[in-house]
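**Student:** Show me the folded form of this:
(one chain, ligands or ions: 2)
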Amino acid sequence: MARDGAAFVCQSCGAVQSKWSGQCPACNAWNTLVEEVQSRPPGALAPSRGAKGLGLAFEGLQSTSPAPPRIITGVDEFDRVCGGGVVPGSAILLAGDPGVGKSTLLLQVAGEAAKRGVSCGYISGEEAIEQIRSRAHRMGLAAAPVKLAAETALRGIMDALKSEKFDLVIIDSIQTLWSDAHEAGPGSVTQVRACAGELVRLAKKRGIAVVLVGHVTKDGQIAGPRVVEHMVDAVISFEGERGYPFRILRAAKNRFGATDEIGVFEMGDSGLAEVKNPSALFLNEGGQRSAGAAVFAGIEGSRPVLVEVQALVAPSAYGTPRRAVVGWDSGRLAMVLAVLEARCGLGFGNRDVYLNVAGGLRITEPAADLAAAAALASSALEEALPQDCVVFGEISLSGDVRPVSRAETRLKEAAKLGFSRALAPAGTSESGGMKIAGVSRLADAVRRIGEGGLGS
Ligand code: TYD
Ligand code: MG
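**Tutor:** Ligands and ions are numbered 1, 2, ... in the order given. Okay, the predicted model is just below:
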């Protein structure tokens, strides 16, 4: 039985229950309910302070004073994902798997920004000062005037932020902080929510930009801090495939910019290096392109990115053929396979299908449909696509190839990287000296691939 004022909070989704049970009724996670003492019943309003029953003072949309300029940190890929620099007074959550490089990235951001005269603080609850120093030294940032602190008590951090004048403060990580106003342990939903709330409020009040680091759990949730996502102005995730040095920064929510921008980094001996030309990275350089490979001319945020899509169609050794996909949506693969079967006469019923996006990139654009279909058809028909050909286009269930946005940008990027033709939706106009093999039906594309009819 719960004590007075006690409630059971799911550490995964943050739902509050009055009774303990083995499985959270809200998100179905097992063993995540933990007893936490609530200072007031969940959902109850805090007593109003300051308002004194005078009502709200409404303001117009037009501001009388100009907004302060964004903080340009000098790490361009980071600035772009934030929407063109960090907005003063905003709170950003940087989420990622342990070990992906969050601390490295933010130390770099703090170091570069400090070198440009931004007043930066880096508060770590995970590492000792000496560890951070030696990392900064290795990254060539030892001389940057960053103010370091190792602290986990929220009260100490709040006092420091009130007494020193900071423009940008990094908190690494939100899961290590604890507030003495709550009984729950560090990392619990109550603590994480309380600490993030306090920091975000202070950030807004004093115009400090705060970046909170949040670890992600095995199943991809921001551990506990799902509850933090709606408190902050931007949620940025830092991702990387195991075994690849590439790291991708992606905005999942941004109140001050677009959410489709990506930043690309490469992890090396001296920290993260910005990758200015991601296409060169995701293309399988050198050697003949073999059957089953197609180069997709994609768009990530505002930038064109070329990436190789690889497919392997092989006879299945078992009754149920395998479908495995890395870097693309498996539902989308099933759809493209069904359209290839139903509209183009290619059978996959007794064959295993593997699809892989090179370089560890994850593609979400529908424009990749045709590239995936071309790779699959190329592998099934054992006919390689021409070396100098890129592919883009959306496929509908009826087997039509639909036009996609920003074809010109895609073609120009492909031309820049030495490609000279594109398998694209019919009606795409030539650009940048690229020849277009226009198709309006997927069956037409498959036939031309089978006949080797794209090369001339
Ligand atoms: P880290 O930033 O500590 O990860 P996180 O804060 O997300 O947990 O990065 C840890 C990994 O990065 C570690 O496995 C080693 C690697 N790394 C390098 O390869 N080169 C470097 O210069 C640095 C600083 C880290
Ligand atoms: Mg870390």
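
**Student:** Relative to Arg138, how far out is the residue in the stretch 151-300 of the chain that ligand 1 sits nearest to?
**Tutor:** Distance from ligand 1 to each residue of the stretch 151-300 of the chain (Cβ to the nearest ligand atom) is smallest for Gly271, at 4.2 Å. Where C-beta positions appear, they are placed from N, C-alpha and C, glycine not excepted. Summarising the geometry, the distance separating Gly271 from Arg138, computed by Cβ to Cβ, to the nearest Å, is 7 Å.

**Student:** Now Val307. Nearest residue, chain neighbours left out?
**Tutor:** Distances taken as Cβ to Cβ, 6 or more residues apart in numbering put Phe282 closest to Val307, at 3.9 Å, once the chain neighbours are dropped.

**Student:** likewise Ile248?
**Tutor:** What sits nearest to Ile248 in space, not counting adjacent residues and going by Cβ to Cβ, 6+ apart, is Glu239, at 5.0 Å.

**Student:** average pLDDT for the host helix or strand of Val307?
**Tutor:** Val307 is located in strand 303-315, with elements delineated by DSSP states H and E. Confidence over strand 303-315 (mean pLDDT, whole number) is 92.

**Student:** Any buried residues in it, and which?
**Tutor:** Arg303, Pro304, Val305, Leu306, Val307, Glu308, Val309, Gln310, Ala311, Leu312, Val313 (16 or more other Cβ atoms under 10 Å).

**Student:** Quickly run through the sheet partners of it, with directions.
**Tutor:** Using DSSP bridges, strand 303-315 pairs in its sheet with strand 293-300 (antiparallel), strand 351-357 (antiparallel).

**Student:** and His181, helix, strand or coil?
**Tutor:** Quick fix: residue 181 is Ala, not His. When the structure is split into helix, strand and coil by DSSP: H, G, I helix; E, B strand; the rest coil, Ala181 lands in coil.

**Student:** tell me the contacts of the residue nearest to it when sequence neighbours are not counted?
**Tutor:** Counting by Cβ to Cβ, 6+ apart, Ala181 lies nearest to Ala194, which is 6.6 Å off, once chain neighbours are set aside. By Cβ atoms under 8 Å, 6 or more residues apart in numbering, the residues touching Ala194 are Leu154, Ser179, Ala181, His182.

**Student:** Now for the residues you listed, which sits with the most neighbours around it?
**Tutor:** For the contacts of Ala194, neighbours were counted using other Cβ atoms under 10 Å, and Leu154 has the most, 22 neighbours in all.

**Student:** close enough to count as contact, that one and Ile174?
**Tutor:** No: when contacts are counted by Cβ atoms under 8 Å, Leu154 is not listed as touching Ile174 (10.2 Å).

**Student:** For the two, list the residues in contact with both.
**Tutor:** Here Leu154 and Ile174 have Cys195 as joint contacts, going by Cβ under 8 Å, 6+ apart.

**Student:** can you give me the helices for the stretch 101-250 of the chain?
**Tutor:** For the stretch 101-250 of the chain, the helices defined by DSSP state H, counting those that start in this stretch occupy 102-115, 129-138, 154-163, 189-206, 226-229.

**Student:** Most tightly packed of those helices?
**Tutor:** Ranked by mean neighbour count, these are led by helix 102-115 with a mean of 24 (mean count of other Cβ atoms under 10 Å).

**Student:** Mind giving me the packing neighbours of it?
**Tutor:** Packed against helix 102-115, as judged by 3 or more Cβ pairs under 8 Å, 6 or more residues apart in numbering; DSSP states H and E, are the following elements: strand 91-96, strand 120-124, helix 129-138, strand 168-172, strand 209-215, strand 271-274.

**Student:** and the end-to-end length of stretch 162-169?
**Tutor:** For stretch 162-169, the first and last residues are 12 Å from each other (Cα to Cα, to the nearest Å).

**Student:** The residue nearest to Ile248: neighbouring residues, count only.
**Tutor:** Look at Glu239: counted by other Cβ under 10 Å, it has 18 neighbours.

**Student:** who's in contact with it?
**Tutor:** With the criterion set at Cβ under 8 Å, 6+ apart, Glu239 makes contact with Gly96, Asp97, Val100, Arg247, Ile248, Leu249, Arg250, Arg362.

**Student:** Show the model's pLDDT score for it.
**Tutor:** According to the model, Glu239 scores 87 on pLDDT.

**Student:** got it, and Ala2?
**Tutor:** For Ala2, the predicted pLDDT is 44.

**Student:** just Cys13 next, same as before
**Tutor:** 79.

**Student:** correct me, but it touches Ala26?
**Tutor:** Yes: when contacts are counted by Cβ under 8 Å, Cys13 is listed as touching Ala26 (5.4 Å).

**Student:** What is the neighbour count of the residue nearest to Val307?
**Tutor:** Residues lying near Phe282 (other Cβ under 10 Å) number 23.

**Student:** where does it land on pLDDT?
**Tutor:** Turning to Phe282, the model gives it a pLDDT of 75.

**Student:** just Ala368 next, same as before
**Tutor:** If you check Ala368, the pLDDT there is 96.

**Student:** which residues touch the residue nearest to it when sequence neighbours are not counted?
**Tutor:** Distances taken as Cβ to Cβ, 6+ apart place Phe296 nearest to Ala368, at 5.2 Å, with adjacent residues excluded. With contacts defined as Cβ under 8 Å, 6+ apart, Phe296 is in contact with Leu306, Val307, Glu308, Val309, Ile363, Ala367, Ala368, Ala371, Ala372, Val390, Val391, Phe392.

**Student:** now do 6 Å
**Tutor:** Counting by Cβ atoms under 6 Å, 6 or more residues apart in numbering, Phe296 makes contact with Val307, Val309, Ala368, Ala371, Val391.

**Student:** phi, psi of the fourth one?
**Tutor:** With angles defined as degrees, to the nearest 10, Ala371 shows backbone torsions of phi -60, psi -40.

**Student:** beta partners of the residue lying closest to it once chain neighbours are set aside?
**Tutor:** Nearest residue to Ala371 in three dimensions, chain neighbours excluded: Phe296, at 3.6 Å (Cβ to Cβ, 6+ apart). Residues in a beta bridge with Phe296, per DSSP bridges, are Val307, Val391.

**Student:** Can you read off the pLDDT for Phe296?
**Tutor:** Looking at Phe296, its pLDDT is 96.
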